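> structure for this input, please:
(one chain, ligands or ions: 2)
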Amino acid sequence: MILAGMSLEELEDLTEQLHATKFRAKQIHNWIYSKSVSSIDEMTNLSKDFREELKNIASVTDTKIKIKQVSKDGTIKYLIEYPDGECVETVLMRFDNRANLTACVSSQVGCAVNCSFCATGKGGFKRNLNYKEIIEQVLSIQRDTGLKVTNIVFMGQGEPLLNLDNVLKALEIFNNDFQIGARRITISTSGIISGINRLAEMDLQSTLAISLHAPTHELRRELMPIENKYPLNELKTALKNYIDKTGRRITIEYILIHGFNDTPPVAKELAHFLKDLKCNINLIPYNSVIENDYKKPSNSDIMKFKYLLEHSGKKVTVRLERGADIDAACGQLRGKV
Ligand code: SAH
Ligand code: SF4
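Numbers count the residues shown, from 1 in each chain. Ligands and ions are numbered 1, 2, ... in the order given. As a prediction, this is how the structure comes out:
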């Protein structure tokens with residue numbers, strides 16, 4: 001039995017089986033999620049006998065850090081390995097001006113959406129992660145650094161809305177067991193309308209981020225094959241419904257690719273498209289991924305695009321590139337050794 005991922009109630013059932021009090025369950029819970037230990041032996045406020053008993057039937061984790069890379073900007077990338085040998089990448093980002101530690105987690109091994117600009121998509125889809133495998137990524141970071149993660153973004157490998165049951169269950173554990181508030185969690189999607197509709201019916205405090213990347217069907221189709229299944233006009237209707245139902249502001253993510261979707265006419269078209277949506281916009285300068293011809297825009301092109309977009313009256317930010325020297329930036333995660 002693996003303890004990581006178990007709720008307090010499940011741990012209480014376990015301690016009852018072992019004829020121990022509920023208080024023991026609470027202690028174990030604290031060792032797992034707050035102190036982030038990797039072994040039962042480290043749970044030093046449990047008696048040695050009880051630890052031995054526990055060790056006979058359980059261990060803390062079955063997940064390993066296979067590789068760890070540290071960027072010169074402090075970003076850390078982990079290759080996490082599960083018992084079946086499959087791996088995903090998880091990234092820890094620190095921002096100097098904030099006391100936040102943000103974990104960028106993966107929701108699937110690979111991704112079936114296959115966007116043209118993304119390294120994860122290039123490798124194809126392997127399998128979904130279950131909720132325990134998702135939360136193990138954050139535990140691995142906490143065990144390794146001794147620090148508590150404060151924010152989570154589902155922006156690693158995979159499409160979270162194509163594995164929504166596990167993502168929602170992981171969210172619940174992040175809230176209840178890690179004590180990471182839903183407001184500090186962001187789910188990013190390539191625009192899976194069925195999933196957006198499901199989220200619209202829930203009272204979730206988390207932020208929904210949409211990878212838009214183009215303001216027209218024709219342009220978006222070139223980047224994202226998903227545009228054929230869930231076209232922009234239908235996506236927009238779903239987003240409006242989501243905003244109406246939840247009252248929440250969404251985030252629009254927009255990759256800037258030099259000469260493709262970063263020109264002034266496209267900026268104006270995008271501003272028009274977003275005018276009646278309650279949203280903030282996050283521009284992501286393209287990060288290079290070897291297998292294509294896309295190029296990063298120049299700083300002056302980025303600023304011009306931002307300026308034109310601000311005419312829509314929306315808040316526009318440019319995402320800081322993190323960890324590019326270790327291929328940990330957006331779109332560079334491939335989950336390979
Ligand atoms: N599958 C989800 C979440 C993971 S991707 C989604 O697509 O939204 C997280 C963000 O990184 C997305 O906005 C994605 O479009 C962006 N991204 C992917 N490849 C990139 C690249 N090469 N450069 C910059 N951003 C990229
Ligand atoms: Fe999948 Fe997101 Fe990469 Fe597209 S950008 S291939 S949806 S992980």
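> which residues does the residue nearest to K68 when sequence neighbours are not counted contact?
Leaving aside its sequence neighbours, K68 sits nearest to Y78 (Cβ to Cβ, 6 or more residues apart in numbering; 5.5 Å). Just so you know, the C-beta spots here come from the backbone N, C-alpha and C atoms, and that holds for glycine as well. Contacts for Y78 were tallied using Cβ atoms under 8 Å, 6 or more residues apart in numbering; they are I65, I67, K68, E89, T90, V91, L92, Q137, S140, I141, D144.
> now a ChimeraX select for only the buried ones of these.
One line in ChimeraX is enough to select the buried members of these, burial here meaning 16 or more other Cβ atoms under 10 Å:
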select :65,89,90,91,92,137,140,141
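> show me the contacts of Y78 that map onto helices.
Members of those lying in helices (criterion: DSSP state H): Q137, S140, I141, D144.
> which member of these is positioned nearest ligand 2?
Of all the ones in helices among the contacts of Y78, Q137 has the smallest distance to ligand 2: 15.1 Å, by Cβ to the nearest ligand atom.
> quick one: the closest one from D144, how far?
11 Å (Cβ to Cβ, to the nearest Å).
> how far does the helix or strand in which the residue nearest to K68 is found sit from its chain's centre?
Taking DSSP states H and E as the definition, one finds Y78 inside strand 76-81. Centre-to-centre, strand 76-81 and its host chain are 14 Å apart (Cα atoms, centre = their mean, to the nearest Å).
> residues touching the residue nearest the centre of the chain, list them.
The centroid of the chain falls nearest to F154 when counting by Cα atoms, centre = their mean (1.4 Å). Shown in contact with F154 (Cβ under 8 Å, 6+ apart): V105, S107, P160, V167, I185, T186, I187, S188.
> recalculate using a threshold of 10 Å.
Going by Cβ atoms under 10 Å, 6 or more residues apart in numbering, F154 touches 103-107, 134, 160-161, 163, 167, 170-171, 185-189, 206, 209.
> which stretches of the stretch 201-337 of the chain aren't confidently modelled?
Residue ranges of the stretch 201-337 of the chain with pLDDT under 70: 336-337.
> helices - which of the contacts of F154 land there?
Using DSSP H to define helices, the subset of the contacts of F154 located there is I134, V167, A170, L171.
> of those residues, which is the nearest to ligand 1?
Ligand 1 lies nearest to V167 out of the ones in helices among the contacts of F154, by Cβ to the nearest ligand atom, at 10.8 Å.
> fine by me, we can end here.
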